[in-house]
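Pasting the sequence and the predicted coordinates here, then a few questions.
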Amino acid sequence: MRTTLLLASASPALAACPYAYYTLNTPNHATFTETLETDFTLPNPSLIWTSAPGLAWQAQAYNVTPAAARGPYGKTAQVGNVLLNPQSQGLDLWVRSQVLEGLVPIAEVVTARNDILCGSFRAGLRTTGTNGTCGAFFFYHDDSHEIDMEVLSRQRAPGNNTLNLVLQSPASSSAGFNAAGTPGFTPYALSFDPAAAFHEYRYDWLPGRVDMYVDGAWLHSFHDGVPDSPGAVHLIHWSNGDPGWSGGPLGEDAVLTVSYVPAYFNASGGASACLGDDGGAVSEVCEIPVDGPAAQPSVRPLSASATGAAGPTSISTHSGAGRSARRSSRTFVYALLLLRFPEQW
């Protein structure tokens, strides 16, 4: 027996591609030269933390004060809140109910690569049923160049579940990092409970546009405030007690589970960065799968106010400001995620 270090495993649902190129054919054509397919559900994994370079994902540790987080509480991202699910269903991101010196313990992981520039990104997520958190799958360059898909557990109610589609842009930055009221904010009503089962959340980022999907069904396209700078892909589960966004404080610990993250993209600094079309130059490519799980949600746009479990509330998107404060924190550190899998020979 030997132990292999698996940094980014292809999902069993995705066929291995023998070529160096991946094509997205519908609804918009694009060609990508980079891939990161991570399956967090593989059998018999154990989780350790290491400072070794070159791994695919990083778990983050940082503190944000209540003032910087713009909430009654601040946030403390902790490595110990990122755990493998005991039933091998994926990676668990925990938000704790016990506030520590005014900070809510949260969880966040980010790709080690921060040179991602355009691509197609998906995540299999099951959100929490505990009121008072925000779960987000997003791309981040800075507070004015950000693509978010966010679920607020306080908006979870029978027959009324909301997915918030957000572009943090120069317009939202000038409005105090509040995308509501800008072209970069669209809440959608989902036909399913996002805490009841896994669903695939996806955004395709192309030059001048971002297309949003759930379970392969198109939801919305953004054309204004689209990022044009490289960055990293993040998954975060957090709360700061803000009644206008995350809600809280929590009555009990809350968990969001990530089953897989396939990403197909281009890198900044390369000739392929943000290609809109391969122009026929690439003859052998693998087509990126476009369907998610079987469920095809029926969706409808909402206004900038949404009705959730706590009743009608005015939406205020303040997530970007907290990330800016995080980077300047003196206590900011990284830990790297390493998955180990025993292999029989």
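Received it, and whenever you're ready, just let me know what you need.

and the residue nearest to Gly247 when sequence neighbours are not counted, backbone torsions?
Nearest non-adjacent residue to Gly247, counting by Cβ to Cβ, 6 or more residues apart in numbering: Arg154, 3.6 Å away. In short, each C-beta sits where N, CA and C put it, glycine included. Dihedral angles of Arg154 (phi, psi; degrees, to the nearest 10) stand at phi -70, psi -20.

And the pLDDT at Arg154?
With respect to pLDDT, Arg154 scores 94.

Of all the strand elements in the protein, which one is longest?
In the chain, assigned by DSSP state E, the strand with the most residues is strand 254-267.

I'd like to know which elements the helix or strand following that strand is packed against.
Next along the chain after strand 254-267, taking DSSP states H and E as the criterion, comes strand 286-287. Applying 3 or more Cβ pairs under 8 Å, 6 or more residues apart in numbering; DSSP states H and E, we find strand 286-287 packed against strand 22-24.

Residues touching the strand it packs on, excluding its own?
Strand 22-24 has contacts (Cβ atoms under 8 Å, 6 or more residues apart in numbering) with 29-33, 35, 120, 204, 264, 278, 282, 285-288, 290.

Now flag whichever of those is closest to Pro86.
Thr35 (29.1 Å; Cβ to Cβ).

Wait, Gly119 touches Trp205, no?
Yes - with contact defined as Cβ atoms under 8 Å, Gly119 reaches Trp205; the gap is 5.9 Å.

More neighbours: those two, which one.
Higher neighbour count among Gly119 and Trp205: Gly119, with 26 against 23, using other Cβ atoms under 10 Å.

okay, the more buried one: pLDDT?
Reading off the model, Gly119 has pLDDT 93.

what's the nearest residue to it if we skip its chain neighbours?
Going by Cβ to Cβ, 6+ apart, Gly119 has Phe265 as its nearest residue, at 2.7 Å.

Gly208 now?
Counting by Cβ to Cβ, 6+ apart, the residue nearest Gly208 is Val226, at 5.6 Å.

got a list of what Leu103 touches?
Asn63, Val64, Thr65, Pro66, Tyr73, Gly74, Lys75, Thr76.

Ala77 touches Gln60, doesn't it?
Yes - contact status for Ala77 versus Gln60: in contact at 4.9 Å, counting by Cβ under 8 Å.

can you pull out the strands in the stretch 151-300 of the chain?
161-168, 185-190, 199-206, 209-214, 217-222, 232-238, 254-267, 286-287, 300-301 (DSSP state E, counting those that start in this stretch).

Go through those and name the closest to Leu42.
The nearest among the strands of the stretch 151-300 of the chain, by Cβ to Cβ, is strand 254-267 at 9.8 Å.

Kindly calculate the angle that that closest one makes with strand 232-238.
170 degrees (axes from the mean of the first three to the mean of the last three Cα atoms, to 10 degrees).

Quickly run through the sheet partners of strand 254-267, with directions.
strand 34-39 (antiparallel), strand 91-95 (antiparallel), strand 116-126 (antiparallel) (DSSP bridges).

So which bits of stretch 251-267 are buried?
254-267 (16 or more other Cβ atoms under 10 Å).

just for the stretch 201-345 of the chain, where's the confidence low?
The stretch 201-345 of the chain contains residues with pLDDT under 70 at 269-283, 290-345.

again, 90 this time
216, 224-225, 244, 249, 268-345 (pLDDT under 90).

Ok, the stretch 1-150 of the chain next?
In the stretch 1-150 of the chain, residues with pLDDT under 90: 1-35, 37, 39, 41-56, 70, 88, 142-145.

now the strands for it?
Under DSSP E, counting those that start in this stretch, the stretch 1-150 of the chain gives strands at 2-6, 22-24, 30-32, 34-39, 46-50, 57-64, 74-77, 82-84, 91-95, 103-111, 116-126, 134-142, 145-152.

Would you reformat those as TSV and include distance to Ala197?
Formatted as TSV, those follow (distance: least, Cβ to Cβ, whole Å):
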stretch	distance to Ala197
strand 2-6	26
strand 22-24	26
strand 30-32	29
strand 34-39	18
strand 46-50	24
strand 57-64	24
strand 74-77	27
strand 82-84	19
strand 91-95	16
strand 103-111	21
strand 116-126	6
strand 134-142	14
strand 145-152	13
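
Outside of stretch 124-132 itself, which residues are in contact with it?
Counting by Cβ under 8 Å, 6+ apart, 89-90, 95, 135, 137, 151, 153-154, 156, 193-201, 237, 239, 241, 246-261, 293, 309-310 sit against stretch 124-132.

Can you get me the start-to-end distance on that stretch?
Start and end residues of stretch 124-132 are separated by 21 Å (Cα to Cα, to the nearest Å).

now swap in stretch 67-85 and tell me
Across stretch 67-85, first to last residue, Cα to Cα, it's 33 Å.

Same question for stretch 60-78.
7 Å.

Would you mark the buried spots in it?
60-64, 66, 68-71, 73-78.

Just the closest of the residues you listed to Tyr213, please.
Gln60 (26.5 Å).

The closest one contacts Val109, doesn't it?
Yes - counting by Cβ under 8 Å, Gln60 touches Val109, with 7.0 Å between them.
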